[in-house]
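>>> show me the folded form of this:
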Amino acid sequence: MSLPKELLYTEEHEWVKKDGDTYVIGITDFAQDQLGDIVFVELPEVGDKIEQGDSIGSIESVKTVSDFYAPVTGEVVEINDSLEDEPELLNSDTYEKGWILKVKDVSAEQIDGLLSSEDYEKVIED
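Numbers count the residues shown, from 1 in each chain. Got it, this is the predicted structure:
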C-alpha cells in the first residue's frame, strides 16, 4: 500500500496536498482498496462551500456506496472531470490522476490538524 510522505491524511481516509494557493483532495490507497472496483463518483460543484467533516459526495464501487467527507473547510475551485468517464482512476492512480477536487480558503489550523503519513498508518493498522 502506498502512503506518500508529502501528503496529509484524515481518519476518514482522505488525503490533502498543498498546490500553490489551493489544496488537492483525494482518497487514500487504503480506501480505494477497501472499496474495490470504483464505478461512479458523485462530486460537489465548483463554487460550493464545503465544511470539514461534512459528506460532500459519494463513491460507488461494485461492493458498496461510500460517502466522501471534506477533510477541510473551503471553496471548491476545481473538480476532476476525468472521474466522470473514468472513475477507475481512483483505483489505478489515486494520488495523481485520481485526485477528486481542489479547494481554496483553507485555514492553517485545519491543515495543522491533519495526520502525517506515519500517524495515518497507525490508524489503518488498528
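>>> would you map the strands across the protein?
With strands called from DSSP state E, the chain shows them at 8-9, 14-19, 22-27, 38-42, 49-50, 55-61, 65-69, 74-79, 101-104.
>>> so which of the ones you listed is nearest residue 112?
Proximity to residue 112 (CB to CB) singles out strand 8-9 among the strands of the chain, at 9.3 Å. C-beta coordinates here come from the backbone N, C-alpha and C atoms, glycine included.
>>> that closest one packs against which elements?
When contacts are defined as 3 or more CB pairs under 8 Å, 6 or more residues apart in numbering; DSSP states H and E, strand 8-9 sits against strand 14-19, helix 117-125.
>>> ok, what's across the strand from the residue nearest to the spatial centre of the chain?
Most central in the chain under CA atoms, centre = their mean is residue 26, positioned 2.3 Å from the mean C-alpha point. Beta-bridge pairing of residue 26 under DSSP bridges involves residue 15.
>>> can you name the residues that contact it?
Contact analysis of residue 26 by CB atoms under 8 Å, 6 or more residues apart in numbering lists 14, 15, 90, 94, 95, 98, 99, 100.
>>> TSV for those residues, including distance to residue 75 and pLDDT?
Converted to TSV, the contacts of residue 26 look like this (distance: CB to CB, whole Å; pLDDT from 0 to 100):
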residue	distance to residue 75	pLDDT
14	17	97
15	19	98
90	23	97
94	23	96
95	23	97
98	22	97
99	17	97
100	15	97
